[in-house]
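Chemist: Provide a 3D model corresponding to the input given below.
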Amino acid sequence: MSSPKPSLEALRIDRTALPQRSSNRWWWLILLALVCAGVAVWWVTKDPTLVVKTATVKLQASGGSTGSSRTLLNASGYVVARREATVSSKLTGKVIEVNVEEGKKVQAGEIIAKLDASNVETSLRLAEAQAEAAKLALAEIEPNLAYAQAEFKRLSSLAPTSGVSQTELGKMEAELKSFQAKLVRQSAEVTVAQRTVDTWKQQLDDNLIRAPFTGIVTTKNSQPGEMISPMSAGGFTRTGICTLVDMSSLEIEVDVSESYINRVQPGQPVAATLDAYPEEKFPAKVIAIIPTADRQKATVKVRVGFERIDPRMLPQMGVKVAFQAPEAAPSDAPAPAARMLTIPKSAVQQVGGKALAWVLLNGKAERRAITIGSTMGEESTVSAGLSQGEIVVLNPPAELTEGTKLSVAK
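Modeler: Predicted coordinates:
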């Protein structure tokens, strides 16, 4: 029996028997891309958190005893020497010796330098010789005058009896007067010669440069071999040997704004703090208010004197001064202690001439306008804008803005 004849249906491919690809893989890829995009959007739009250091606003008592003083005004200035001089010479000459160095203490009248005086010494010897010659000439006239006086006296006594002529007597009298005139003139010559000697001695002494007062040398301006002159001559000519400062005359010069000069008066107590030693206060008082103002700076210069001079004080040092209110008269009842808020100086930020502080409130930054009363050392007193116990940010970063999330550094 023959096999059946193949048909076209036998040649059709049976696709149901082939494995079908799964389309689930594309769905997973799409889902993963959506998740990555969401994470990226969250990362970009999330609020940044800054890590900062903070401090707490403290309440401090500012002295509750009777007669306590309070600060009326804060200012800054410099330590200056009231007695300071650039020591120079009276003559123009060449320096041959300098006896000082920076930091050396010298006494008033002490020789600090010498100039070349060889020409002056030669002129002095010449003047001394001329003075000696004038004295010898005077000694020559004196015996002749004595002889003429004796002879005139003898002839005068003989004239009435011995027949001495009036001509002879007149001649002797003229000779006597001549010797008397020569004696006066030669005495004047001796005086002139002596004055000339004194002049050259003074010029010789002027070649020795002495300290005008007791002090300490701060700068040395000349060296041996250089020319020095009391006036500027240009070139390499110096005008001074050294700068001398009287350390006992140190005081403070402060420029006070015209708007607050009414808070300052002579004799007012002052607390001075040197920038080099911020932890220590030096008592001082107002010496004088200079009766003129600087129109460009709108300030008035005030002189403040130290109650005592400390060896650590040096000219041109920066200093902060706090003008205090005069002490109140004593009373039977003690005055209550003044209370004030204090924060670290690093928490204060100056923007446009106004004081600001950043407060940590509910984990976010809040900007506050504050009023600073005074700043002493690393502490500032706040009279308005903050409350006790609030937390302020130290050294606020530049990117800090209102509402920024904050975390406190441990």
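Chemist: and the strands in the stretch 251-400 of the chain?
Modeler: Remark: strands assigned in the stretch 251-400 of the chain by DSSP state E, counting those that start in this stretch are 269-274, 282-294, 299-306, 318-324, 339-344, 349-351, 354-361, 364-369, 371-376, 379-384, 391-394.
Chemist: so for residue 152, which of these sits nearest?
Modeler: Nearest of the strands of the stretch 251-400 of the chain to residue 152, taken as Cβ to Cβ: strand 282-294 at 74.4 Å. In this view, the C-beta of every residue, glycine as well, is placed from N, C-alpha and C.
Chemist: flag every buried residue along the closest one.
Modeler: Counting neighbours by 16 or more other Cβ atoms under 10 Å, one finds that the buried residues in strand 282-294 are 282, 284-287, 289, 293.
Chemist: kindly indicate which of those lies nearest residue 394.
Modeler: Nearest to residue 394 out of the buried residues of strand 282-294 is residue 282 (Cβ to Cβ; 28.7 Å).
Chemist: now do the contacts for the closest one.
Modeler: 271-274, 306-308, 310, 313 (Cβ atoms under 8 Å, 6 or more residues apart in numbering).
Chemist: next one: it from residue 270, what distance?
Modeler: Distance, residue 282 to residue 270, by Cβ to Cβ, to the nearest Å: 9 Å.
Chemist: could you do residue 308 as well?
Modeler: Per Cβ to Cβ, residue 308 is found 13 Å from residue 270.
Chemist: what touches both of the two?
Modeler: With Cβ under 8 Å, 6+ apart as the test, residue 308 and residue 270 both reach residue 283.
Chemist: where among the strands of the stretch 251-400 of the chain is the average confidence lowest?
Modeler: Across the strands of the stretch 251-400 of the chain, strand 371-376 has the smallest mean pLDDT, namely a mean of 74.
Chemist: alpha carbons of it, as PDB, please.
Modeler: Extracted in PDB, the C-alpha atoms of strand 371-376 (Å, rounded to 0.1, in the frame of the first residue of the first chain):
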ATOM      1  CA  THR A 371      22.700  95.700  69.000                       C
ATOM      2  CA  ILE A 372      26.200  95.400  70.400                       C
ATOM      3  CA  GLY A 373      26.900  97.200  73.600                       C
ATOM      4  CA  SER A 374      30.600  96.600  73.900                       C
ATOM      5  CA  THR A 375      33.300  94.200  73.000                       C
ATOM      6  CA  MET A 376      36.100  93.200  75.400                       C
END
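Chemist: strand partners (parallel or antiparallel) of that strand?
Modeler: strand 379-384 (antiparallel) (DSSP bridges).
Chemist: strands along the stretch 51-200 of the chain, start to end?
Modeler: Counting by DSSP E, counting those that start in this stretch, the strands of the stretch 51-200 of the chain are 58-61, 71-81, 84-87, 93-98, 105-106, 111-115.
Chemist: ok, which of the ones you listed comes nearest residue 257?
Modeler: That would be strand 71-81 among the strands of the stretch 51-200 of the chain, by Cβ to Cβ, at 8.2 Å.
Chemist: next, the angle from the closest one to strand 318-324.
Modeler: 140 degrees (axes from the mean of the first three to the mean of the last three Cα atoms, to 10 degrees).
Chemist: in strand 71-81, what counts as buried?
Modeler: Neighbour-count burial for strand 71-81 [16+ other Cβ under 10 Å]: 71-75, 77, 79-81.
Chemist: can you check stretch 197-206 too?
Modeler: By neighbour count with 16+ other Cβ under 10 Å, stretch 197-206 contains the buried residues 197, 200, 203, 206.
Chemist: in helices, which of these fall?
Modeler: 197, 200, 203, 206 (DSSP state H).
Chemist: list the contacts of the first one.
Modeler: Under the criterion of Cβ under 8 Å, 6+ apart, the contact partners of residue 197 comprise 124, 127-128, 131.
Chemist: and which of those residues is nearest residue 341?
Modeler: residue 124 (77.1 Å).
Chemist: that's all I had, so thanks and see you.
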